[in-house]
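Asks: need a 3D model of the sequence below.
(one chain, ligands or ions: 1)
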Amino acid sequence: MASNQASSTEDPSPLAAPSAGQQSLVGKVVWITGAGSGIGEACALAFGQAGAKVILTGRRAQALDTVAQRIHAQGGHAMVLAGDMTDREAVMAIAAAIDSSYKALHILINNAGLNVLERNWSVLTADRANDVIEANLSSAFYGVIAALPIMRRQGDGLLIHTSSWAGRFVSKVSGPAYAAAKHGVVAMSYAINQEEFRHGIRSTVICPAEVATPILDKRPVPVSAEDRAKMLQSEDLARSVLHVASAPKHVCINEIVISPTWNRSYL
Ligand SMILES: NC(=O)c1ccc[n+]([C@@H]2O[C@H](COP(=O)([O-])OP(=O)(O)OC[C@H]3O[C@@H](n4cnc5c(N)ncnc54)[C@H](OP(=O)(O)O)[C@@H]3O)[C@@H](O)[C@H]2O)c1
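Replies: Predicted coordinates:
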């Protein structure tokens, strides 16, 4: 784990005040994985603006530092704890560092993930399948297992996982390993709610179809600028995540399935 304590203001003034019936996010401790780009970056900026204390994790410390600097420029609070979510010891160490610094963890946004070029059985190797399953499913499990003891102690916690449209509908575009891993993330989230509701803990899985983020640059078939413009944008996902996090404690939003109106899987 690479630790990079970032400076912060003590009392960030939230630019986005909660509406009636929503819980405030001011002072909430929010751990976001995959926070250096795309959906995670947009969530980090949105939570920072809402007055949360945001902890940023990903493998590239430099990308996380840039996001942290933008949060500070908004008057928010961010701390960078870089690490590889497939490294279970690193994940446990990051959770321990959060607990030690803040004595709390209210929200985990389990968002780190990737896909590989090998998206057909004809080219898929055991190593590439493992890469996808570890980065999308094992990493999510490690985050949950690291966060739950802190949340149980608090009698309060929210886990939000970025699955995929491919986690609901098996897609040839995403390939077998990604579809299987993201289906696993959906099952994991429901299984958390089955047991952990007793501790005041709730879990939400978000299943987005195509979002215009850097992950698209690694597609075997290039995606045009015109197609990207019609897709969901990272900020659309950040709004959904903020909506889930702002729901009062007695409300558990189990799942959100979200797509662009122009859904290319229907073509
Ligand atoms: N964009 C879409 O169309 C789409 C649709 C459905 C679901 N999703 C899911 O949404 C999530 C966010 O992806 P995105 O679209 O925002 O793409 P992205 O910009 O590529 O973001 C993925 C982030 O995950 C981080 N990451 C990957 N492997 C990691 C690891 N082992 N440990 C820690 N961090 C890791 C990456 O940072 P580092 O490389 O620095 O580690 C990166 O910042 C992913 O789970 C993805 O599968 C995306």
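Asks: neighbours of Arg228, just the number please.
Replies: Each residue near Arg228 was counted by other CB atoms under 10 Å, and the total is 14. Heads up, the C-betas are built off the backbone N, CA and C, glycines and all.
Asks: so what's it up against?
Replies: For Arg228, the contact set (CB atoms under 8 Å, 6 or more residues apart in numbering) comprises 212, 216.
Asks: now do the SS call for it.
Replies: Following DSSP: H, G, I helix; E, B strand; the rest coil, we place Arg228 in the helix state.
Asks: for the residue nearest the centre of the chain, phi and psi?
Replies: Per CA atoms, centre = their mean, the C-alpha nearest to the average position across the chain is that of Asn111, at 2.4 Å. The phi/psi pair for Asn111 (degrees, to the nearest 10) reads phi -120, psi -10.
Asks: so who does it touch?
Replies: 32-35, 39-40, 43, 160-162.
Asks: so which bits of the stretch 151-267 of the chain are right by the ligand?
Replies: Selection of the stretch 151-267 of the chain residues close to the ligand by CB under 6 Å from any ligand atom yields 162, 164, 208, 210-211, 213-215.
Asks: any of the residues you listed buried? List them.
Replies: 162, 164, 208, 210-211, 213, 215 (16 or more other CB atoms under 10 Å).
Asks: which of those sits closest to Val144?
Replies: Nearest to Val144 among those: Thr162, at 13.2 Å, using CB to CB.
Asks: residues contacting the closest one?
Replies: 34, 39, 109-111, 113, 185, 206, 208, 237.
Asks: can you do 7 Å?
Replies: By CB atoms under 7 Å, 6 or more residues apart in numbering, Thr162 lies in contact with 39, 110-111, 113, 206.
Asks: ok, which stretches of the protein are strands?
Replies: 2-4, 29-33, 53-57, 77-82, 107-110, 157-162, 201-208, 255-258 (DSSP state E).
Asks: re the thing from before, want to try CSV for the contacts of Asn111, with pLDDT as columns?
Replies: Formatted as CSV, the contacts of Asn111 follow (pLDDT from 0 to 100):
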residue, pLDDT
Ile32, 99
Thr33, 99
Gly34, 98
Ala35, 98
Ile39, 98
Gly40, 99
Cys43, 98
Ile160, 99
His161, 98
Thr162, 99
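Asks: show me which pair in the residues you listed is furthest apart.
Replies: Farthest pair in the contacts of Asn111, by CB to CB: Ala35 and His161, 14.4 Å.
Asks: where in the protein is pLDDT low?
Replies: The model of the chain has pLDDT under 70 over residues 1-17.
Asks: show me the helices in it, by range?
Replies: For the chain, applying DSSP state H gives helices covering 38-49, 61-73, 88-102, 126-133, 139-154, 176-196, 225-230, 234-246.
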